[in-house]
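> Model the following, please.
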Amino acid sequence: MSDSETLKVYAYKAAEYADMTDASNAVDPILHAFIAAVGAGGRVLDLGCGPGASAAQMARAGLEVDAYDAVPQMVAMAAKHAGVNARQAGFHDVQGTAVYDGIWANFSLLHASRSEMPDHLARIARALKKGGVFHIAVKTGTGSQRDALGRLYTYYTEGELDALLQAAGLTVTDRQTGEGKGLAGDSAQWIALTARA
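Just a heads-up that it's a prediction; the model follows:
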């Protein structure tokens, strides 16, 4: 993610965002399903990890966890969790071939521009081991716009997201939809897809 205004918002709201995600991740069935699908001892990347609530859950479950975030304040919080190898990095920093058993991109890639998404997904697909698990969650809709806090969002339809994953060589195996409130306080529809490399 390279949108400076979005990064500034997350830096300023880091503590508030941590409080929100700590509560929701503890009972997230999608996260627990991802952990189970990866399997004990697997190596995972939490891409856009924020304060590290998901990464911490993965580490407690016995996974080897790398965590990337572009916001220094988020990286500092994520690094405090035992077993989480956190570093300041963006979506373009996903490198390597067949490195990970799973990659978790939970409401992070929606801050990337639409034009960059195919490259991000190609990097993710390459970094996954054969059969590796990928999770992506985004807000549904069309176009791009800033929310009340100034964060830039790119919205996707279910069909559009399916096509992007397929083009990257990923096979969708599960999908969940829902509605929830985010940091800005507004309610939005979302979709979460699980795919295999």
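> Next up, the contacts around the residue nearest in space to the middle of the chain.
With distances taken as CA atoms, centre = their mean, residue 105 lies nearest the centre of the chain, 1.9 Å away. Residue 105 sits next to 47-48, 124, 134-137 when contact means CB atoms under 8 Å, 6 or more residues apart in numbering. Bear in mind the C-beta positions are built from the backbone N, C-alpha and C, glycine included.
> Do a quick rundown of the strands in the chain.
Under the criterion DSSP state E, strands of the chain are mapped to 43-47, 64-69, 84-88, 100-106, 128-139, 144-146, 152-154, 171-181, 187-196.
> what are the bridge partners for the closest residue to residue 107 other than its chain neighbours, then?
Among residues not flanking residue 107 along the chain, residue 137 sits closest, at 5.1 Å (CB to CB, 6 or more residues apart in numbering). For residue 137, the beta-bridge partners are residue 106, residue 192 (DSSP bridges).
> sorry, back to before: for the residue nearest to the centre of the chain, give its distance to residue 39.
Separation of residue 105 from residue 39 (CB to CB, to the nearest Å): 19 Å.
> If you average pLDDT per helix and strand, which one of this structure comes out bottom?
In the chain, the helix or strand scored least confidently by mean pLDDT, DSSP states H and E is helix 14-25, which has a mean of 59.
> could the strands of the chain be laid out in TSV, adding distance to residue 118 and mean pLDDT?
Below are the strands of the chain laid out as TSV (distance: least, CB to CB, whole Å; pLDDT from 0 to 100):
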stretch	distance to residue 118	mean pLDDT
strand 43-47	16	98
strand 64-69	19	97
strand 84-88	24	97
strand 100-106	14	98
strand 128-139	13	97
strand 144-146	16	89
strand 152-154	12	86
strand 171-181	16	92
strand 187-196	15	94
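> what's the closest of those to residue 112?
Proximity to residue 112, assessed across the strands of the chain by CB to CB, is greatest for strand 152-154 (6.5 Å).
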